[in-house]
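Chemist: A predicted structure for the sequence below; I have some questions about it.
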Number of protein chains: 2
Amino acid sequence: MHFTSETSSNGVIERTFTLDEITGVLWSPTSGTVRAPLLLSGHSGGMHKKAPGLVAGALHCVTTYGYTVAAIDAPGHGDRPRNPQDQRWAEAIHRARAAGEPIAPIVIDYNMSLAERAVPEWQAALDDLQALPEIGVETPIGYGGMTLGVVTGMMLTAVESRIAAVSFGGVFVHDALIEAARKITVPVEYRIPWDDEEFDRTSGVALFDAFASKEKTLHAYSGRHYPVPEYESDSSARFFARHLGRAADTVSD
Amino acid sequence: MHFTSETSSNGVIERTFTLDEITGVLWSPTSGTVRAPLLLSGHSGGMHKKAPGLVAGALHCVTTYGYTVAAIDAPGHGDRPRNPQDQRWAEAIHRARAAGEPIAPIVIDYNMSLAERAVPEWQAALDDLQALPEIGVETPIGYGGMTLGVVTGMMLTAVESRIAAVSFGGVFVHDALIEAARKITVPVEYRIPWDDEEFDRTSGVALFDAFASKEKTLHAYSGRHYPVPEYESDSSARFFARHLGRAADTVSD
């Protein structure tokens, strides 16, 4: 992992990094923190590691709870070149949307392919993040994401015992995802945008039901998957604080 | 409305009152508050105005947000005599439970009868509460409740324009309730205890769907309807603070 830039503003240090083909970013408090939990943040399909909603959530967790937050670009997203097959998928989605046809069948295949490639990338990034002196191997780790970030996070959490809590929101449900949910036993907070015609409510509830977690919470909210209401972003941050703790030197809220 | 007792501890004044046959209680901050919202709290079936979960939630809202919280005993509950018909319903529920038979059909009829009687009682209490100088007619008003408290609150909110936001959790769903939900347009937070075999998940989701509110949030959580997880009680208090505001002299959290 090589850090390629470092800036700081409003109490937050932002460092970009590369690791082989992976391009990523790490946010942490300028004050330094003691026992700061690490949050992995998975961006939506078509977005990137610095998507506005992702950054807003990351900064909130850093400044309120003293978290370190890491995000990486999915293959072919953000600063990473897109291969011809991914390009065909992306174009098929645009065509389907323009024609008013359902995009779910294409998105599901595309996201599963991206997630299969992203899981070992997240694991490699996690190895190197844990090797940083300010993080280490004892740090509690959570994962949060939306759409593509949910698919990647579910595949990752199903095989990765280092992840202790997950917060997901808005995803096309299919069999492989239901199967992954059955393997997930850590606390989960899962969101359904209730009025988003792209996301089927019934299959969303079925996915929630499939999580094997002893503690799980479903939040359905009126509205679409973006923007996520501020009270839901806040809830997600509190969910992580409840399960991962917070940096010892941040104040209670 | 006649106040019959007044005690105070830990920054909260508790006053009991009577109003015709109604027995009630009012909690408010000892410090006094400016523009304190009023929260009406409906207890569960078989419980009373000072049920432990209700009191805990009320004290949290008073001490954190400077709210005034009012609760009244349902007919035949708490300090109020039970009439022979209600006594037969209560005994039928006990018999059904003991025999391992479903209680829902009995509870639905019993609760609807109680709610029909409780709605005008809440309205009378509300008239008198608004006549108190520390409350007044400009105060934003919310209603929160569980089980019987949901049925009463839904029937009340469907006909009572003074209620500006409602938080409900755990109820047997039936047609009259779905009909009431269709008349409710104020922001609603609605909870389903996901692992409570007494509450059917599908009809719970259907009830959420029926609310005509522009802003509505469904929270399903692993576990049974009692005890409500602390993070859900906290969420309910934040929901009210979001929609009703908080007393002007309480700190932000």
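Modeler: Happy to help now that I have it. Just so you know, these numbers come straight off a predicted model, no measurement behind them. Numbers count the residues shown, from 1 in each chain, chains lettered A, B, ... in the order given.
Chemist: from residue A:186, how far off is residue A:73?
Modeler: Look at residue A:73 and residue A:186: by Cβ to Cβ, to the nearest Å, they are 25 Å apart. Using the backbone N, CA and C atoms, a C-beta is placed for each residue, glycine as well.
Chemist: brain fart, residue A:122
Modeler: Residue A:122 is 15 Å from residue A:186, by Cβ to Cβ.
Chemist: tell me which of those two has more neighbours.
Modeler: Neighbours were counted for residue A:122 and for residue A:186 using other Cβ atoms under 10 Å in any protein chain shown; residue A:122 has more, 25 against 19.
Chemist: near chain B, which residues of chain A are found?
Modeler: A:194, A:201, A:205, A:208-209, A:213-222, A:231, A:235, A:238-239, A:242, A:253 (Cβ under 8 Å from any Cβ of the partner chain).
Chemist: I figured residue A:34 hits residue A:247, correct?
Modeler: Yes - when contacts are counted by Cβ atoms under 8 Å, residue A:34 is listed as touching residue A:247 (6.1 Å).
Chemist: looking at these two, which is more packed in?
Modeler: residue A:247 (21 against 9).
Chemist: residue A:85: how many residues sit nearby?
Modeler: Neighbour count of residue A:85, defined by other Cβ under 10 Å: 11.
Chemist: repeat that for residue A:112.
Modeler: Residue A:112: 16 surrounding residues under other Cβ under 10 Å.
Chemist: tell me which element it is part of?
Modeler: Using DSSP states H and E, residue A:112 falls within helix A:104-130.
Chemist: same for that helix, what does it pack against?
Modeler: With contacts defined as 3 or more Cβ pairs under 8 Å, 6 or more residues apart in numbering or on different chains; DSSP states H and E, helix A:104-130 has these neighbours: strand A:12-19, strand A:22-29, strand A:38-42, strand A:68-72, helix A:84-98, helix A:148-159.
Chemist: the fourth one pairs with which strands?
Modeler: When you say that, I think you mean strand A:68-72. Take DSSP bridges as the rule and strand A:68-72 pairs in its sheet with strand A:22-29 (antiparallel), strand A:38-42 (parallel).
Chemist: got the angle between that strand and helix A:104-130?
Modeler: Here strand A:68-72 runs at an angle of 130 degrees relative to helix A:104-130 (axes from the mean of the first three to the mean of the last three Cα atoms, to 10 degrees).
Chemist: now do strand A:68-72, average pLDDT.
Modeler: In this model, strand A:68-72 has a mean pLDDT of 97.
Chemist: kindly format the C-alpha coordinates of it as CSV.
Modeler: Provided in CSV are the C-alpha atoms of strand A:68-72 (Å, rounded to 0.1, in the frame of the first residue of the first chain):
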residue,chain,number,x,y,z
THR,A,68,-10.8,5.5,10.4
VAL,A,69,-12.8,5.0,7.2
ALA,A,70,-11.4,3.3,4.1
ALA,A,71,-12.9,3.2,0.6
ILE,A,72,-11.6,1.6,-2.6
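Chemist: these two touch, right, residue A:139 and residue A:40?
Modeler: No - applying Cβ under 8 Å as the test, residue A:139 and residue A:40 come out as separate, 11.4 Å apart.
Chemist: isn't residue A:170 right up against residue A:195?
Modeler: No - contact criterion Cβ under 8 Å: residue A:170 and residue A:195 do not qualify, at 11.6 Å.
Chemist: of these two, who's got more company?
Modeler: Neighbour count, other Cβ under 10 Å: between residue A:170 and residue A:195, residue A:170 has more, with 22 against 15.
Chemist: ok, and the closest non-adjacent residue to that one?
Modeler: Nearest non-adjacent residue to residue A:170, counting by Cβ to Cβ, 6 or more residues apart in numbering or on different chains: residue A:225, 3.6 Å away.
Chemist: how deep is the one you found tucked in, by neighbour count?
Modeler: Quick note: residue A:225 (other Cβ under 10 Å) scores 20 neighbours.
Chemist: residue contacts, it?
Modeler: Contacts for residue A:225 (Cβ atoms under 8 Å, 6 or more residues apart in numbering or on different chains) come out as A:146-147, A:169-170, A:193, A:196, A:198-199.
Chemist: equivalent analysis for residue A:138, please.
Modeler: Applying Cβ under 8 Å, 6+ apart, the residues near residue A:138 are residue A:35.
Chemist: what's the closest non-adjacent residue to the residue of the stretch 51-200 of chain A found nearest chain B?
Modeler: Scanning the stretch 51-200 of chain A for the residue nearest chain B gives residue A:194, at 7.3 Å (criterion: Cβ to the nearest Cβ). Nearest residue to residue A:194 in three dimensions, chain neighbours excluded: residue A:220, at 4.6 Å (Cβ to Cβ, 6+ apart).
Chemist: ditto for residue A:222
Modeler: Nearest non-adjacent residue to residue A:222 (Cβ to Cβ, 6+ apart): residue B:216, at 5.0 Å.
Chemist: one step back: quick one, phi/psi of the residue nearest to residue A:194?
Modeler: Backbone torsions of residue A:220, given as degrees, to the nearest 10, read phi -110, psi 140.
Chemist: shouldn't it be in contact with residue B:217?
Modeler: Yes - under the criterion of Cβ under 8 Å, residue A:220 makes contact with residue B:217 at 6.8 Å.
Chemist: how close does residue A:65 get to residue B:220?
Modeler: 25 Å.
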